[in-house]
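Student: This is the structure alone, sequence omitted:
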């Protein structure tokens, strides 16, 4: 008892200490970024005098004024969109919380309904704050990254990296802290929690209610990912088609009316949406592990054992904290541009290596030496470590495979780029689709091996902790993910504000590395989503008492087929939404271009803030209108299936959705990433076909033909990699967590669904 008391005290210190460390670290880096002044003094030092280079640009004062104007337009546009989106979400949260209270109250217990609703609200608010914090620091840091790139590439890297770290550590720390507080508060009511008493107030009932926390996070992530994804790709596609292909302008040309909306989209989609998505994964995997552990006789009685997901993630915060110093102090970028991608990749590898022994320590001391869970007896704590480590390294392996298929430093993307020169846009599309399909093979095999190993060792609890292993270095993963859009925005601001080409070269090199790591982040997110979804599925079948999912049963097989169809229906809705919004954007850009004269001159074609804001309004209105239907499809399908067709049909539905979503998410993300980087490969003048070297300074007509083909491929891939693909991660997770939370209120296995009962009554 004394040893357990000491372990409980240590767990409290570790969890609260790690959360405090994450908060202090985020605040310190925020202050570092804020110390960079947007106004460059007229009489600056030698480094600042680089801004006086003359390449046809305005003087320093005009350059600074343009930078501040563009910075404010991006910030105001992002905040306006999130304010409207969160207003919609607020209405949804209140309405869905009421549904939880009524449905769970009537079908299970009123306490379950009320506390599930409270956990749902807490998860929703935390998810909203996570996205908002990430977006705020990103738009705050973009112009400051531009300023620091005037010094050297290392200074710009450090600014973007520190801003990304603010998001990563703030999100992980706040998610663990809120979950910790929910458990402490709920335990005041569930008086039989952490005992072996079989009552309505025991450990299992409490953690089933706490699962609402994951539901809240994932619900907000659904709307954030879909809404933000539609916004960013409507602006991006509109800017590319009307600006690049038709008008012949370069990336981020200030004459393009959609360019500010494009930069705003990077923040609301790739930052706020991604942050909410990965917060949902963390909350859901923690809840799944706790729900399964609450059914273990050895674990349910001890707070320390039940808090294992939080202690593991807290250890991850400390590991990630140490890892950041490799990028900023131990082995920094400095002025060597070739080290940018090496340093970023090093963050993933170092954090994985350091997390492995840390995970062993947590498993060794924060779990019973041997315990049972439903479906498996005699699980050893070292076996749990194997599951965690397997998930940890599985995530890294899938990330590296994603890099191979989407980076233009490797043969697959170079083949796609070559197809643009050999056959034009059509072969480019064919090659890109083939690459996406082929890229599913090895990641799925790795996932399958990880699932088999984890399930064999610790049944569904093994899969849940394996998902936690994938997410244990989430603070670093989020840091690197946020870094990419920040450097992208920095480059856009440099171009729109007339900064010297040396500055744009630095931001482009930072952004190029960010594109590679962003693709790795997508692979990481897909692997974690697959594991989390399966863990939630395991928790669901344990809660409802389903012993096996027999595919020979007609209801289960029918559910499997319908579930496999859902991701296609969802993708069709989101893709069409992007298309509709992009059409409206293209028409607006064309209208504005037609209203100007001499658009081949920047002075004559200058775009006013009001014209930029019109494009922002189109993207905002379209995304908010179009995000509702796909979100409702995912949220209400499992509820309708569970009540009307029964939990067995729902189990088939979840299995089909999971399997189908994983394949589609991988192929969509990698096809889109490959098209994007093939375009960048051609733009950089790296493409050679036989003896022909295709670049801007060579045959201009030939370069334009090949580049236009690559832009068309990139345009097709945009909604795949940034809207439908990432949102499919949430499809599989959200359907599973909804089933878990509503599971106790569904008709029992013996009775079957309401329509099934009615059908059996007729015959």
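Tutor: Thanks, I have it. Since the model is a prediction, treat every value here as computed from it, not as a measurement.
Student: give the contact list for residue 467.
Tutor: 281, 285, 288, 289, 391, 528, 531, 532, 534, 535 (Cβ atoms under 8 Å, 6 or more residues apart in numbering). In short, each C-beta sits where N, CA and C put it, glycine included.
Student: now swap in residue 224 and tell me
Tutor: Contacts of residue 224 (Cβ under 8 Å, 6+ apart): 85, 127, 131, 272, 273, 276, 277.
Student: Does it lie in a helix or a strand, and which?
Tutor: Using DSSP states H and E, residue 224 sits in helix 212-238.
Student: avg pLDDT for that helix?
Tutor: The average of the pLDDT scores along helix 212-238 is 89.
Student: Backbone dihedrals for residue 688, please?
Tutor: phi -130, psi 130 (degrees, to the nearest 10).
Student: brain fart, residue 251
Tutor: Residue 251 adopts backbone torsions of phi -60, psi 130, taken as degrees, to the nearest 10.
Student: Which member of the contacts of residue 467 is positioned nearest residue 354?
Tutor: If you rank those by distance to residue 354 using Cβ to Cβ, residue 391 comes first, at 15.7 Å.
Student: residues contacting that closest one?
Tutor: With contact taken as Cβ under 8 Å, 6+ apart, residue 391 is in contact with 450, 454, 465, 466, 467, 468, 469, 470, 531.
Student: Tell me which of those fall in helices.
Tutor: Of those, the ones assigned to helices by DSSP state H are 450, 454, 465, 466, 467, 468, 469, 470, 531.
Student: Excluding sequence neighbours, find me the nearest residue to the second one.
Tutor: Distances taken as Cβ to Cβ, 6 or more residues apart in numbering place residue 462 nearest to residue 454, at 3.7 Å, with adjacent residues excluded.
Student: Helix or strand for the one you found, just tell me which one.
Tutor: Here residue 462 is assigned to helix 441-471, by DSSP H and E.
Student: and what of residue 379?
Tutor: Using DSSP H and E, residue 379 falls within strand 376-380.
Student: in this protein, which residue is closest to the centre?
Tutor: For the chain, the residue sitting closest to the mean C-alpha position, by Cα atoms, centre = their mean, is residue 274 at 3.0 Å.
Student: my read is residue 586 is in a strand, agree?
Tutor: No. Per DSSP: H, G, I helix; E, B strand; the rest coil, residue 586 lies outside any strand segment and is helix.
Student: Any regions of the stretch 451-600 of the chain where pLDDT drops low?
Tutor: 597-600 (pLDDT under 70).
Student: Pull the contacting residues for the nearest residue to residue 237 once chain neighbours are set aside.
Tutor: Spatial nearest neighbour of residue 237, excluding adjacent residues (Cβ to Cβ, 6+ apart): residue 582 at 3.8 Å. Residue 582 makes contact with 233, 234, 237, 238, 241, according to Cβ under 8 Å, 6+ apart.
Student: Chain neighbours aside, what residue packs nearest to the fourth one?
Tutor: Sequence neighbours aside, residue 585 is the residue nearest to residue 238 in space, at 2.7 Å (criterion: Cβ to Cβ, 6+ apart).
Student: any idea how far the one you found is from residue 620?
Tutor: Per Cβ to Cβ, to the nearest Å, residue 585 is found 11 Å from residue 620.
Student: same deal with residue 563?
Tutor: 33 Å.
Student: How about residue 16?
Tutor: Here the criterion is Cβ to Cβ. By it, residue 16 lies 40 Å from residue 620.
Student: Mind checking which of these two has more residues around it?
Tutor: Taking other Cβ atoms under 10 Å, residue 16 and residue 620 do not tie; residue 620 has more neighbours (26 against 14).
Student: And the helix or strand encompassing the more buried one, what's buried?
Tutor: If you go by DSSP H and E, residue 620 is part of helix 609-626. Of the residues in helix 609-626, 611-616, 618-620, 622-624, 626 count as buried by neighbour count, 16 or more other Cβ atoms under 10 Å.
Student: Poorly predicted segments of the protein, please.
Tutor: Within the chain, the ranges that satisfy pLDDT under 70 run 1, 39-59, 200, 597-606, 763.
Student: all strands for it, in order.
Tutor: 370-373, 376-380, 687-689, 692-694 (DSSP state E).
Student: and among these, the most buried is which?
Tutor: Ranked by mean neighbour count, those are led by strand 370-373 with a mean of 18 (mean count of other Cβ atoms under 10 Å).
Student: in its sheet, what does that strand sit against?
Tutor: Strand 370-373 pairs in its sheet with strand 376-380 (antiparallel), by DSSP bridges.
Student: Could you tell me the angle between the partner strand and helix 441-471?
Tutor: 70 degrees (axes from the mean of the first three to the mean of the last three Cα atoms, to 10 degrees).
Student: Touching strand 376-380 from outside, list them.
Tutor: Contacts of strand 376-380 (Cβ under 8 Å, 6+ apart): 369, 370, 371, 372, 373, 457, 458, 459, 461, 462.
Student: Repeat that for stretch 673-686.
Tutor: 251, 402, 405-408, 412-414, 416-417, 420, 428, 432, 435-436, 512, 515-516, 518-519, 522, 687, 693-697, 706-707, 710-711, 713-714, 716-718, 721.
Student: again, 7 Å this time
Tutor: If you take Cβ atoms under 7 Å, 6 or more residues apart in numbering as the criterion, stretch 673-686 is touched by 405-408, 412-414, 416-417, 420, 432, 435, 512, 515, 519, 687, 694-696, 706-707, 710-711, 713-714, 716-717, 721.
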